[in-house]
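Engineer: Need the 3D shape of this:
(2 chains)
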Amino acid sequence: MDYKKYIAEKIKVAGVSADEIAEAIAIPPNTEMGDYALPCFKFSKVLRQSPVAIAQNLAQSIGTDDVIAEVTALNGYLNFKLNKTGLAEATLDRIESEGAKYGSSDIGSGKTVCIDYSSVNIAKPFHIGHLSTTVIGGALYKIYNFLGYKVVGINHLGDYGTQFGKLICAYKHWGKRAEVEKGGIHAVNDLYVRFNSEATEEMEAEAREYFRLIESGDKEANEIFEWFKSLTLAYVNKIYERLGVKFDSYNGERFYSDKMQPVIDELKEKGLLKVSEGASIVDLEPYSMPPCLILRSDGASLYATRDLAAAYYRKNTYDFYKCLYVVAYQQNLHFKQIFKVLELLGKDWAKDMVHVAYGMVSLEDGAMSTRKGKVVWLEDVINKCVEKAYKVIEDKNPDLENKRDIAEKVGVGSVIFGALYNNKIKDIVFSYDKVLSFDGETGVYCQYTCARANSVLQKAKGMQFKTRKPAELLPQEYEVVKCLASFPETVKDAAEKYEPSYIARYAVDLSQKFNKFYFDCKILTAEEESRGFRVRLTEATLQTLQNALSLLGIGVPDKM
RNA sequence: GCUUCCGUAGUUAAAUGGAUAUAAUAAACCCCUCCUAAGGGUUAGUUAUGGGUUCGAUUCCCGUCGGGAGUACCA
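Structural biologist: Numbering: from 1, shown residues only, chains lettered A, B, ... in the order given. Here you go, the predicted model:
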């Protein structure tokens, strides 16, 4: 039920529509004031009355009913209190009947959303800089899916460019098949790092030739390349599995290397392509942007060219409602240019392209650099977190079964949660102290709350309750109820703003409210009248928390 | 230079233009005969700065200062 709309329908202000009123309805800073509030300042000009008087008049004219228990005027605000037990019953009923689907919706049915995320570079291991795109994209995938959209997850592989010529060159000079097979992706990366520090002029030339050979379909060069590619995918797929993310397409840059001509032709046809300093560009001066480079002076394509081809392909193949690019804000200009070029080409779907930008990750002593070998590998971070979780379990709960599985859930969950808790645009300075912290606003805190709720429910099994209906609600109980009721709205907001952090914040918020309730109100040892309801409230909290965390790719252990 | 993002307790962060700016963390102290102490409680602000719009600005606009990113043949 949409309470804002319900309230708006009851309020009559001359010359203001119910929709506008619903839009203006806000949530007061604390529950004692009310559950919803209408600020009346806006109406004072139209009605020629003071906001205080308007609120007072409206308060008297609006009657209470089953839903609205009380209407009061305060300082120019019209405050509404809902019928608490009514809200509690409706919310719990809904969670009980919808279960794992609570919070989902069908608003997206019939619409497809493409999400371009993670986008690994072939032959490079995953470092913590890749964590954000992977988990933000993975969460958006689940969130849109939950809202009924068909989602296409695209791993736009970085599998094109002269660095692959360099890699093959380095392998031919220094590499040994057995060593690479043993050392896997890290051995390949070592070759790349070595090339960047030791390559001679001749080797650079050789590398360019190898890249050309890959392009022209040379058998040996392609075999080595495909081998490196399969090593990379095998490596990252293990990480993807642990993080709970998946993809429907691995079409990367190479896939588009033969699909660019139509875009180039169309740019020419529409008179958008200009030759400048020997290169073919689209002039974006009128939009105060540097030109978008389409072809180099030697005729070769560029990043932008392939991205335009990819956009065409995705529109034709998936007919998307939206196409998201989960890529760091460093590429703001690139995407602004691409989207503008599509607009200039007359594609009305250019407006459906969204760059979901996020902040950079750096180390305490500065930026990371793969070429210099100054990196923190994601796999190491995950492993250390899982190890720490295991030690904590050994310490606190040594008799637990499946300690390894639980440590995996806790450790991995902690890494994901840490990456998703803040607004995505914020820069992050990586520190092990922070990721390994399991106190406060963390994924562990939410998981612990679930385990606690679960423990209560285990003990409640088989108990008989006089009633499961809510009676007069205590403030702590009501806070939990309100929070539970707001989950579906939170999921929609997260999708609309492309902000998984809204879900993470929600999970902490609900956990805090539940813990307060848990601490202040006894559940199993309460009086008979409230025991049944409190158990239901605990069930509903556990269910909702699980739903929220699973949207982030975080598993919930029964015990920990 | 130009474009763009950011600046909130010691630290890290929250807040569709609304009421008394919300948390966590660090430090100190209190709470396990009662559902897991990975928990709960007590102790912190001139929202960088100067203007503007507004009944009302952390939020929107302009300037200043400080920081990040990008800025033609890499991706």
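Engineer: Do I have it right that A:Asp190 meets A:Gly184?
Structural biologist: No: with contacts counted by CB atoms under 8 Å, A:Asp190 stays clear of A:Gly184, the gap being 10.7 Å. All C-beta atoms are positioned from the backbone trio N, CA, C, and that covers glycine.
Engineer: can you tell me if stretch A:501-509 touches RNA strand B.
Structural biologist: Yes: using CB under 7 Å from any atom of the strand, stretch A:501-509 reaches RNA strand B at A:501, A:505, A:508.
Engineer: per-residue confidence for the last one?
Structural biologist: According to the predicted model, the pLDDT of A:Val508 comes to 96.
Engineer: which element is it on?
Structural biologist: Assigned by DSSP states H and E, A:Val508 belongs to helix A:501-520.
Engineer: Is any residue of the following helix or strand past that helix near RNA strand B?
Structural biologist: Note on helix A:501-520: by DSSP H and E, the next helix or strand toward the C-terminus is helix A:528-552. No: Helix A:528-552 is not in contact with RNA strand B by CB under 7 Å from any atom of the strand; minimum separation 8.1 Å.
Engineer: What residues sit buried inside helix A:528-552?
Structural biologist: A:530-552 (16 or more other CB atoms under 10 Å).
Engineer: and the angle for it with helix A:501-520?
Structural biologist: Going by axes from the mean of the first three to the mean of the last three CA atoms, to 10 degrees, helix A:528-552 is angled at 160 degrees with respect to helix A:501-520.
Engineer: Does anything pack onto helix A:528-552? Which helices or strands?
Structural biologist: helix A:84-98, helix A:131-146, helix A:403-420, helix A:443-460, helix A:475-485, helix A:487-497, helix A:501-520 (3 or more CB pairs under 8 Å, 6 or more residues apart in numbering; DSSP states H and E).
Engineer: So which of these is the most surrounded?
Structural biologist: helix A:131-146 (a mean of 24; mean count of other CB atoms under 10 Å).
Engineer: any idea of the mean pLDDT in it?
Structural biologist: 97.
Engineer: Quick check: A:Glu539 touching A:Leu457?
Structural biologist: Yes: counting by CB under 8 Å, A:Glu539 touches A:Leu457, with 6.2 Å between them.
Engineer: Near RNA strand B, which residues of the stretch 351-500 of chain A? Just list them.
Structural biologist: A:360, A:367, A:389, A:392-393, A:396-397, A:406, A:410, A:421-423, A:425-428, A:437-441, A:444-445, A:448, A:451-452, A:454-456, A:459.
Engineer: same deal with the stretch 51-200 of chain A?
Structural biologist: Counting by CB under 7 Å from any atom of the strand, the stretch 51-200 of chain A sits next to RNA strand B at A:51, A:74-77, A:79, A:121, A:158, A:160-163.
Engineer: So how do I select the buried members of these in PyMOL?
Structural biologist: Buried residues within those, by 16+ other CB under 10 Å, are selected in PyMOL with:
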select buried, chain A and resi 51+76+77+79+121+158+160+163
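Engineer: mind putting the residues of the stretch 51-200 of chain A next to RNA strand B in CSV, secondary structure and pLDDT included?
Structural biologist: As requested, those are exported to CSV (DSSP: H, G, I helix; E, B strand; the rest coil; pLDDT from 0 to 100):
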residue, secondary structure, pLDDT
A:Pro51, helix, 92
A:Leu74, strand, 91
A:Asn75, coil, 90
A:Gly76, coil, 92
A:Tyr77, strand, 94
A:Asn79, strand, 95
A:Asn121, strand, 93
A:Gly158, strand, 94
A:Tyr160, coil, 90
A:Gly161, coil, 87
A:Thr162, helix, 87
A:Gln163, helix, 89
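Engineer: The residues of the stretch 51-200 of chain A next to RNA strand B: which two are farthest apart?
Structural biologist: The largest separation in those, counting by CB to CB, is between A:Leu74 and A:Thr162 at 67.7 Å.
Engineer: excluding its backbone neighbours, what's nearest A:Asp319?
Structural biologist: Nearest non-adjacent residue to A:Asp319, counting by CB to CB, 6 or more residues apart in numbering: A:Thr112, 6.5 Å away.
Engineer: Might you report the residue contacts of the one you found?
Structural biologist: A:Thr112 makes contact with A:149-152, A:318-321, according to CB atoms under 8 Å, 6 or more residues apart in numbering.
Engineer: ok, the residue of the stretch 101-250 of chain A found nearest RNA strand B - contacts?
Structural biologist: Nearest to RNA strand B in the stretch 101-250 of chain A, going by CB to the nearest atom of the strand, is A:Gly161, at a distance of 3.5 Å. Applying CB under 8 Å, 6+ apart, we find A:Gly161 in contact with A:211, A:253.
Engineer: Phi first, then psi, for it.
Structural biologist: The phi/psi pair for A:Gly161 (degrees, to the nearest 10) reads phi 140, psi 170.
Engineer: pLDDT at the residue in the stretch 401-550 of chain A positioned nearest to RNA strand B, what is it?
Structural biologist: Residue of the stretch 401-550 of chain A nearest RNA strand B, by CB to the nearest atom of the strand: A:Gly440 (2.3 Å). Looking at A:Gly440, its pLDDT reads 92.
Engineer: now do A:Phe517
Structural biologist: 95.
Engineer: Return the distance of the closest residue to it other than its chain neighbours relative to A:Asn83.
Structural biologist: Leaving aside its sequence neighbours, A:Phe517 sits nearest to A:Gln476 (CB to CB, 6+ apart; 4.2 Å). Between A:Gln476 and A:Asn83 the distance is 18 Å, computed by CB to CB, to the nearest Å.
Engineer: For chain A, which helix or strand comes out least confident on mean pLDDT?
Structural biologist: The weakest-scoring helix or strand in chain A, judged by mean pLDDT, DSSP states H and E, is helix A:43-47 (a mean of 86).
Engineer: Tell me the backbone dihedrals of A:Gln115, please.
Structural biologist: Small correction: residue A:115 is Ile, not Gln. When read as degrees, to the nearest 10, the backbone of A:Ile115 gives phi -130, psi 120.
Engineer: Please identify the helix or strand for the nearest residue to it once chain neighbours are set aside.
Structural biologist: Excluding its sequence neighbours, the residue lying closest to A:Ile115 (CB to CB, 6+ apart) is A:Leu324, at 4.7 Å. A:Leu324 belongs to strand A:322-328 when assigned by DSSP H and E.
Engineer: That strand and RNA strand B in contact?
Structural biologist: No: using CB under 7 Å from any atom of the strand, strand A:322-328 stays clear of RNA strand B, with a minimum separation of 7.7 Å.
Engineer: Sheet partners, orientation included, of that strand?
Structural biologist: strand A:112-116 (parallel), strand A:353-358 (parallel) (DSSP bridges).
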